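# need the 3D shape of this:
(2 chains)
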Amino acid sequence: AQSVTQLDSHVSVSEGTPVLLRCNYSSSYSPSLFWYVQHPNKGLQLLLKYTSAATLVKGINGFEAEFKKSETSFHLTKPSAHMSDAAEYFCVVILNAGKSTFGDGTTLTVKP
Amino acid sequence: ETGVTQSPTHLIKTRGQQVTLRCSSQSGHNTVSWYQQALGQGPQFIFQYYREEENGRGNFPPRFSGLQFPNYSSELNVNALELDDSALYLCASTWDRGTEAFFGQGTRLTVV
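Residues are numbered from 1 along each chain as shown, chains lettered A, B, ... in the order given. Here you go, the predicted structure:
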């Protein structure tokens, strides 16, 4: 079985400060892990993915995530938040291509 | 834009009715997955189609069914609609059951 837990339902940061969105996963096998972003009334956009290569993964718009097997975590970070980063973020685990499991999402608010 | 298109964008149906949602996959993609995203929740995997065959299913009742056509476009059919079926339905396409999925904008279904 596989599952994903996003530890914070809401995160609020000031523009220019670091962003940390936390994700823990549970999987019986080596998972593929993803972060997606969903802006209001928009579809899901892939930010980055981990598929058993480098443990530090760089994505679009300055985001990156580190896969830590010992902690079963895949936290998303960005050094400096921008107003346009305000959105819903989803951590996803895919055990096989037939089924993917999404977390419940984290709403990121960026204050001016 | 991802190249994945869904129709219609919005739909209102009455409880007990049937609905068909459509998805055109990105050019060259032969795998389509469907998700249900209820308000305030992460997307839930419904099923996946690969080369016109079902290739995995989530925890949804049989009244949720699908098709994939030779051009790899897909339909999601829901019979005997219930109020709880109100949600955003997302379609995602990949190449050869690959893990990097491209999402459409979704169809917002409201059951009254």
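
# okay, and the helix or strand of chain B with the least pLDDT?
strand B:102-103 (a mean of 88; mean pLDDT, DSSP states H and E).

# partner strands of that one and their direction?
Sheet pairing of strand B:102-103 (DSSP bridges) gives strand B:87-94 (antiparallel).

# show residues contacting the strand it pairs with.
A:43-44, A:97, B:4, B:6, B:21, B:23, B:25-26, B:29, B:31-39, B:43, B:72, B:74, B:76, B:100-104, B:106-109 (C-beta atoms under 8 Å, 6 or more residues apart in numbering or on different chains). Yep, even glycine has a C-beta here, placed from its N, CA and C like the rest.

# ok, of those residues, which come out buried?
A:43-44, A:97, B:4, B:6, B:21, B:23, B:25-26, B:29, B:31-37, B:43, B:72, B:74, B:76, B:101-104, B:106-109 (16 or more other C-beta atoms under 10 Å in any protein chain shown).

# what is the burial count for residue 70?
No chain was given, so I picked chain A. 5 (other C-beta atoms under 10 Å in any protein chain shown).

# I was thinking of chain B, sorry if that wasn't clear
Look at residue B:70: counted by other C-beta under 10 Å, it has 7 neighbours.

# up against chain B, what does chain A have?
A:32, A:34, A:36, A:42-46, A:49, A:51, A:90, A:94, A:96-105 (C-beta under 8 Å from any C-beta of the partner chain).

# give me that answer again for 7 Å
A:32, A:42-44, A:46, A:49, A:51, A:90, A:94, A:97-105 (C-beta under 7 Å from any C-beta of the partner chain).

# so how do I select the buried members of these in ChimeraX?
This is the ChimeraX syntax for the buried subset of those, where burial follows 16+ other C-beta under 10 Å:
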select /A:32,43,44,46,49,51,90,94,97,98,99,100,101,102,103,105
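
# helices - which of the residues of chain A next to chain B land there?
Among the residues of chain A next to chain B, no member is found in helices (DSSP state H).

# which ones among the residues of chain A next to chain B are found in strands?
Here DSSP state E is the test, and the residues of chain A next to chain B give A:32, A:44, A:46, A:49, A:90, A:94, A:99, A:100, A:101, A:102 as lying in strands.

# and the pLDDT for the second one?
In this prediction, residue A:44 carries a pLDDT score of 89.

# closest approach to chain A from chain B, which residue is it?
residue B:56 (2.6 Å; C-beta to the nearest C-beta).

# relative to residue B:70, how far out is that residue?
Look at residue B:56 and residue B:70: by C-beta to C-beta, to the nearest Å, they are 20 Å apart.

# just for chain B, where's the confidence low?
Scanning chain B for pLDDT under 70 picks out B:1-2, B:97-99.
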